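S.K.: Sequence first, then the predicted structure:
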Amino acid sequence: MSHTKEFTLYTHIGAPNGWKVAFVLNILGRTYESIYLDGNTFKSPEHVKYNPNGRIPTLIDHNNGDLVLWESGAILLYLIDTYDTEHTISVASPREKAVLTQWLFYQTTGQGPYFGQSTWFRHVHHEKIPSAIVRYQNEARRILGVLESVLSKQDYLVGGKVTIADIAFVPYNNVLQRVIDDDFDFKKEFPNTYIWHTKVTAVDGVRKGLEERLRLLAEDEKKARA
């Protein structure tokens, strides 16, 4: 079967991890079709045949024999290794590659799970468990504190420029009030991390993705009110 786009991306409008991939595809100038799943279709046969874990994102590369990849960190590494030959959002030296991978792992195993759990216990869990809410709010602040300690000394995480290591943090840091507290003041509590986040979100491909997310969320809200 022929495809009009280079990639198919199974994702979710509100969930952060799929947007990381969209940002990177945008920056690299690749064409892709996004298939937006919801909580009822993550584990549908149509999706699970590609991703046995039944989560998003799932990426199919039609340029490479319909290669299927899931897990956002693995997808980002594949995209830069395969398509970022100019090192636009990646680095060339083995030393810097190791640092980039370190930060990407920190995002996928630290920021993502802790921010996700904070959001779950604050907004989704069937009962309020104050101790769980406080624990994950504190963990979210700890993650930001680690970033702040580094970004107070340098502009970006590796290579002196925006890379996938920086980009991966954007979708979660973009919803900090939902993660931590409605009155959370990102700029005041973590000023250097806020400046960094602002610079990364201004990158064209990231900005384009964030605008698309807002447009889709607005459409969903309009449908819900209809």
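M.R.: All right, it came through fine.
S.K.: domain parsing for this structure?
M.R.: Domains of the chain are assigned by automatic domain parsing as 7-87, 94-204.
S.K.: Relative to the whole chain's centre, how far out is the shortest one?
M.R.: Taking the mean C-alpha point of domain 7-87 and that of its whole chain, the gap between them comes to 11 Å (C-alpha atoms, centre = their mean, to the nearest Å).
S.K.: pLDDT averaged over it - what is it?
M.R.: For domain 7-87, mean pLDDT rounds to 96.
S.K.: can you check stretch 100-117 too?
M.R.: 97.
S.K.: outside of it, which residues touch it?
M.R.: If you take C-beta atoms under 8 Å, 6 or more residues apart in numbering as the criterion, stretch 100-117 is touched by 16-17, 71-73, 76-77, 90-91, 132, 136, 139-140, 142-143, 146, 157-159, 163-166, 168-169, 172, 179. Quick note: C-beta positions are derived from backbone N, CA and C, even for glycine.
S.K.: for this protein, what spans make up the strands?
M.R.: 7-11, 32-36, 58-61, 67-70 (DSSP state E).
S.K.: what's the most buried one of the ones you listed?
M.R.: Mean neighbour count, computed with mean count of other C-beta atoms under 10 Å, is highest for strand 58-61 among these, reaching a mean of 24.
S.K.: That one pairs with which strands, and in what direction?
M.R.: strand 7-11 (antiparallel), strand 67-70 (antiparallel) (DSSP bridges).
S.K.: give the contact list for Ile75.
M.R.: With C-beta under 8 Å, 6+ apart, Ile75 has these contacts: Val21, Pro57, Leu59, Leu69.
S.K.: my read: the third one touches Glu6, true?
M.R.: Going back to what we said before, that points to Leu59. No - if you go by C-beta atoms under 8 Å, Leu59 and Glu6 don't touch, sitting 10.5 Å apart.
S.K.: What about the closest residue in space to Val24 that isn't next to it in sequence, how many residues nearby?
M.R.: Using C-beta to C-beta, 6 or more residues apart in numbering and skipping the chain neighbours, the partner closest in space to Val24 is Leu79 (5.3 Å). Using other C-beta atoms under 10 Å, Leu79 has 23 neighbouring residues.
S.K.: List the contacts of Leu79.
M.R.: Val21, Val24, Leu25, Leu28, Arg30, Ile164 are the contacts of Leu79 under C-beta under 8 Å, 6+ apart.
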